[in-house]
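Peer 1: Output the structure for:
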Amino acid sequence: MRIVILGSGRGSNADAILEAQQTGRLGRARVVAIFSDQPEAGILALGPRFNVPAVFVDPAPFKTKLEGEGEARFIAAVQAARPDLVVLAGFMRVLKPGFLTAFAGKIINLHPSLLPSFPGLDGIGQAFRRGVKFAGCTVHGVTAEVDGGPILDQAAVRVAPGETLESLSAKIHAAEHALLPVVIARLSEAENA
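Peer 2: Below you'll find the predicted structure:
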C-alpha cells in the first residue's frame, strides 16, 4: 500500500508513521511521499531523515482551504506519487470537491477529539473547556463534511483531576502517535487480504 502524507506543521504524527514503518509495524504500507502547504514546516525535514521525498506544494491563493490553482497543484503532486491511501496528519486546510473526487475513498484524517464530539479547529481545547471526563482522538475517512466521515478507530484518554490543557494535549498526542500507525497497518493488511 503506497501512502502519501499531507501535513502543515511539525510532523509529529508523520514521524510516528515513519518510525512504525522503520520498525516493521506499518504492515504492508510504505510512505512514498510527504507534501506540505507550508514551506518551513517541520514535516518536510522528515523526508531526508527517512529517505522519503518531502516537498512543499504552493497552496495559493487561499489561506484555509485547498481550492483553485493550489488544489490543482496538490492533485497533480499527489497523483504523481500513485497513492493507495492519502493520510492527513495535521494538514490544516479544508479539502474541496476536486481533491476529494480525485482520491475518493482513499483519504483518512486524524482528529484530536472523540468524534462526533468537538469537530473542527481546536478539538482538544473544546473538550477541555467543556469539562469532559474522557477525551481522545479519531481516525476517520474524509468526506465533504468537515470531520464527518466514517470513523475507523478511536483512542480515549481519561481527563485526570487537575489536568491542564497542556498535559491533556500531551496525552492525546501520545494516543494519536499510537493509533494512526495501527489503523494504517490494519488498512494495508485488509487491502492485501
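
Peer 1: all contacts plus neighbour counts: C-alpha atoms, from now on.
Peer 2: Will do.

Peer 1: which helices and strands sit right next to the helix or strand bottoming out on mean pLDDT in the chain?
Peer 2: Scoring the helices and strands of the chain by mean pLDDT, DSSP states H and E places strand 65-66 at the bottom, with a mean of 86. For strand 65-66, the elements it packs on are strand 94-95, judged by 3 or more Cα pairs under 8 Å, 6 or more residues apart in numbering; DSSP states H and E.

Peer 1: starting at the chain centroid, how far to the next helix or strand after the least confident helix or strand of the chain?
Peer 2: Using DSSP states H and E, the next helix or strand after strand 65-66 towards the C-terminus is helix 68-80. The chain centre lies 18 Å from the centre of helix 68-80; the measure is Cα atoms, centre = their mean, to the nearest Å.

Peer 1: Pull out the buried positions in helix 68-80.
Peer 2: Residues of helix 68-80 classed as buried under the neighbour-count rule (16 or more other Cα atoms under 10 Å) are 70, 71, 73, 74, 75, 77, 78.

Peer 1: if I look at the last one, how far off is residue 53?
Peer 2: If you measure residue 78 against residue 53 using Cα to Cα, to the nearest Å, the figure is 12 Å.

Peer 1: Please apply the same query to the second one.
Peer 2: Residue 71 sits 20 Å away from residue 53, going by Cα to Cα.

Peer 1: got it, and the fourth one?
Peer 2: Between residue 74 and residue 53 the distance, using Cα to Cα, works out to 15 Å.

Peer 1: Kindly report the same for the third one.
Peer 2: Relative to residue 53, residue 73 is positioned 16 Å away (criterion: Cα to Cα).

Peer 1: and if you look at the first one?
Peer 2: Here residue 70 is placed at a distance of 19 Å from residue 53 (Cα to Cα).

Peer 1: Report all helices and strands that the helix of greatest length in the chain contacts.
Peer 2: Ranked by residue count and defined by DSSP state H, the top helix of the chain is helix 165-191. If contacts are counted by 3+ Cα pairs under 8 Å, 6+ apart, helix 165-191 sits against helix 12-22, helix 123-130, strand 134-141, strand 151-158.

Peer 1: Deepest in the core, which of the ones you listed is it.
Peer 2: strand 134-141 (a mean of 23; mean count of other Cα atoms under 10 Å).
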